[in-house]
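K.L.:
Next come a sequence and a model predicted from it.
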Amino acid sequence: MSADLSGQSHIVVGGAGYIGSHVCKMIAALGGTPVTFDNLSSGHDHAVQWGPLVNVDLCNVEKTREAFHAHKEAVSVIHLASSIEVGIGEKDPAGFYNNNVIGAYNLLEAMRANNLNRFIFSSTCATYGETENVPLTEDEVQNPFSVYGKTKLTIEHMIQSYHNAYALNYITLRYFNASGADPDGDIGEEHDPETHLIPIALEAAAGRRGKIKIFGTDYETPDGTCIRDYIHVNDIARAHILGLQRFDEGLTNLEVNIGTGNGYSNLQILQTIEKVTGLPLPYDATPRRPGDVTRLYADATRAKEVLGFEPAHSDLENIIRTAWNFHRSRWQI
Ligand SMILES: NC(=O)c1ccc[n+]([C@@H]2O[C@H](COP(=O)([O-])OP(=O)(O)OC[C@H]3O[C@@H](n4cnc5c(N)ncnc54)[C@H](O)[C@@H]3O)[C@@H](O)[C@H]2O)c1
């Protein structure tokens, strides 16, 4: 990648988390300094290796403002901090709205107070809801099913209002399924609880948990299981770098899907895990879950046209190999 971030400092909110740590590593590889703002509620201090860690909770207005004031030199803010576990959001919507929406509001206000106006936001395909219109374009109606998706859509609206009223320059990246790990094995996916299929299935293959469940095997897909769009975390990280470059060219006010445009079924994931690990992966077929659509994959045209983004690492075997290598060294197997 040709981007040169030398001498630039970028605030990465949620930089101790899965995707944020990969963004930080890439910023540093391009000569920039990633400054992680994180309360370590789900992130890990060992994942912050390429710049300073500022331990700050976005829900603390004063501390958030102070942290931004202390890093006025930053040229952009990348906001990945969030409560992300969909099931917890259904049981505790207040906690989700507080952490995600109030947290984002506090962050935007701290940016405004410090005249920072370049903003990249981690949104999600979950803002589209229960549509069967695939591939999903950015113009699809947004009608999220989950509390998680609703909080993300509320933030998207807030950002658009800040753009209209306060000239905030923003790029909202609607990621599909983040997956894989840093090829060097320095960082990877370490959620607790883990709810994503690939790390759960790798745990099962390694004998660290019992059989995994596949929810629904009677969908109208070639093998009866749901299809999702898996994108390698380093491709997602690169989309942020392209966004930073496009700010320099005056791009703003953009919502864009970050996916591959292809889908893999749940069974294809399991079969590829068996192939890559050489281990058997038995599963239990259980009934469908409410809210799970048959197919969900991106129309990736806008990302290519506007950001110049094309996935380079999202071949399924590469995704699983990098994730497996990361977990194997972590589990010492
Ligand atoms: N993982 C995916 O597949 C996926 C898909 C679509 C969108 N996203 C979005 O991408 C972003 C990053 O996801 P991830 O998988 O890396 O999650 P993660 O949980 O690994 O990282 C989130 C980070 O934010 C921090 N954080 C949370 N609340 C905070 C607060 N109030 N103040 C300061 N820090 C706080 C956590 O400690 C953590 O380090 C999230 O916004 C998520 O909604 C993720």
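P.N.:
The structure has been received and is ready for your questions.
K.L.:
Can you name the residues of the chain that neighbour the ligand?
P.N.:
Where the chain comes near the ligand, counting by C-beta under 6 Å from any ligand atom, the residues are 14, 16-20, 38-43, 57-59, 80-82, 84, 99, 103, 122, 124, 175, 177-178, 191. C-betas here are computed from N, CA, C, even on glycine.
K.L.:
what about the helices in the stretch 151-300 of the chain?
P.N.:
With DSSP state H, counting those that start in this stretch applied, the stretch 151-300 of the chain shows helices at 197-205, 233-248, 266-277, listed in chain order.
K.L.:
Could I get those in CSV, plus columns for mean pLDDT and mean neighbour count?
P.N.:
Formatted as CSV, the helices of the stretch 151-300 of the chain follow (pLDDT from 0 to 100; neighbours: other C-beta atoms under 10 Å):
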stretch, mean pLDDT, mean neighbour count
helix 197-205, 97, 22
helix 233-248, 97, 22
helix 266-277, 98, 19
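K.L.:
Which residue, neighbours along the chain excluded, lies closest to residue 296?
P.N.:
Spatial nearest neighbour of residue 296, chain neighbours left out: residue 228 (5.5 Å); criterion: C-beta to C-beta, 6 or more residues apart in numbering.
K.L.:
Contact partners for that neighbour?
P.N.:
Applying C-beta atoms under 8 Å, 6 or more residues apart in numbering to residue 228 gives the contacts 176-177, 197, 263-264, 266, 296-297.
K.L.:
What is the nearest of these to residue 233?
P.N.:
Nearest to residue 233 among these is residue 177, at 10.3 Å by C-beta to C-beta.
K.L.:
bridging residues for that closest one?
P.N.:
Note on residue 177: beta-bridge partners residue 230, judged by DSSP bridges.
K.L.:
can you pull the contacts of it?
P.N.:
196, 228-231.
K.L.:
what residue ranges in the protein score low on pLDDT?
P.N.:
Confidence mapping of the chain against pLDDT under 70 gives the ranges 1.
K.L.:
picking that back up, adding distance to residue 107, write the contacts of residue 228 out as JSON lines.
P.N.:
Formatted as JSON lines, the contacts of residue 228 follow (distance: C-beta to C-beta, whole Å):
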{"residue": "176", "distance to residue 107": "24"}
{"residue": "177", "distance to residue 107": "25"}
{"residue": "197", "distance to residue 107": "30"}
{"residue": "263", "distance to residue 107": "33"}
{"residue": "264", "distance to residue 107": "34"}
{"residue": "266", "distance to residue 107": "35"}
{"residue": "296", "distance to residue 107": "28"}
{"residue": "297", "distance to residue 107": "30"}
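K.L.:
Closest one to residue 129 out of those, please.
P.N.:
Residue 129 lies nearest to residue 296 out of the contacts of residue 228, by C-beta to C-beta, at 10.3 Å.
K.L.:
Report how many residues lie close to that closest one.
P.N.:
23 (other C-beta atoms under 10 Å).
K.L.:
check contacts around it.
P.N.:
Counting by C-beta under 8 Å, 6+ apart, residue 296 has contacts 125, 128, 134, 136, 176, 226-229, 263.
K.L.:
Okay, and which of those residues map to strands?
P.N.:
Those of those mapping onto strands are 227-228, per DSSP state E.
K.L.:
Can you select the buried ones from the contacts of residue 296 in PyMOL?
P.N.:
Of those, the buried ones can be selected in PyMOL as follows, counting by 16 or more other C-beta atoms under 10 Å:
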select buried, resi 125+128+134+136+176+226+227+228+229+263
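K.L.:
before we move on, back to that, just the buried residues of the residues of the chain next to the ligand.
P.N.:
Using 16+ other C-beta under 10 Å, the buried ones in the residues of the chain next to the ligand are 14, 16-20, 38-39, 42-43, 57-58, 80-82, 84, 99, 103, 122, 124, 175, 177-178.
K.L.:
what's the spacing between the closest residue to residue 311 other than its chain neighbours and residue 301?
P.N.:
Of all residues not flanking residue 311 in the chain, residue 235 sits nearest, at 4.4 Å (C-beta to C-beta, 6+ apart). Distance, residue 235 to residue 301, using C-beta to C-beta, to the nearest Å: 16 Å.
K.L.:
Can you tell me how far the residue nearest to residue 311 is from residue 309?
P.N.:
8 Å.
K.L.:
now do residue 9
P.N.:
24 Å.
K.L.:
Also residue 271?
P.N.:
Distance from residue 271 to residue 309, by C-beta to C-beta: 28 Å.
K.L.:
What of residue 97?
P.N.:
Counting by C-beta to C-beta, the gap from residue 97 to residue 309 is 31 Å.
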